[in-house]
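K.L.:
got a sequence here, can you model it:
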Amino acid sequence: MKLLTSVTLSAVLAFASTSALAEKPDFSKTAAAKASYDFSKNKAASGNQLVQSSSRHDFSKTAAASNEYQFPKNQPAHLYKVSLPSTQHDFSKTSSLKHGC
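P.N.:
Numbering: from 1, shown residues only. Next up is the predicted model:
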């Protein structure tokens, strides 16, 4: 059992270390990294192009668009009172300063 655990841990460490030590690509060496690169000359991507059905919403299909809809029966919006503090926060009294963080 100990041998199986040891082999398993060794295999996991081997796979983890190879991915951690893998060379990361340096994109600063690509042609597009040059200041003179002209992105407007790139070909347009093909495939996976989404087609927009419409850029405008049709409000004529909503319930409020009918002649029978009665706006006075709508529930009034709730008003919330926001109280803003009148003084600035004193950060010298925070718990992080007391603990020495």
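
K.L.:
what helix or strand is the most centrally placed residue in the chain on?
P.N.:
In the chain, the C-alpha nearest the mean C-alpha coordinate belongs to residue 50, at 20.8 Å (Cα atoms, centre = their mean). Using DSSP states H and E, residue 50 sits in no helix or strand.

K.L.:
quick one, grab the pLDDT at it.
P.N.:
pLDDT recorded at residue 50 is 72.

K.L.:
now residue 14
P.N.:
73.

K.L.:
mind checking the SS state of it?
P.N.:
helix (DSSP: H, G, I helix; E, B strand; the rest coil).

K.L.:
so that it lines up with my notes, have the first residue be 785 from now on.
P.N.:
All set: I'll call the first residue 785, so the last point we hit is now residue 798.

K.L.:
that one - how many residues pack around it?
P.N.:
9 (other Cβ atoms under 10 Å). The C-beta positions use only the backbone N, C-alpha and C, and glycine is treated the same way.

K.L.:
any idea how far residue 857 lies from residue 863?
P.N.:
19 Å (Cβ to Cβ, to the nearest Å).

K.L.:
any stretches of this structure with poor pLDDT?
P.N.:
The model of the chain has pLDDT under 70 over residues 800-806, 833, 836-838, 870, 880-885.
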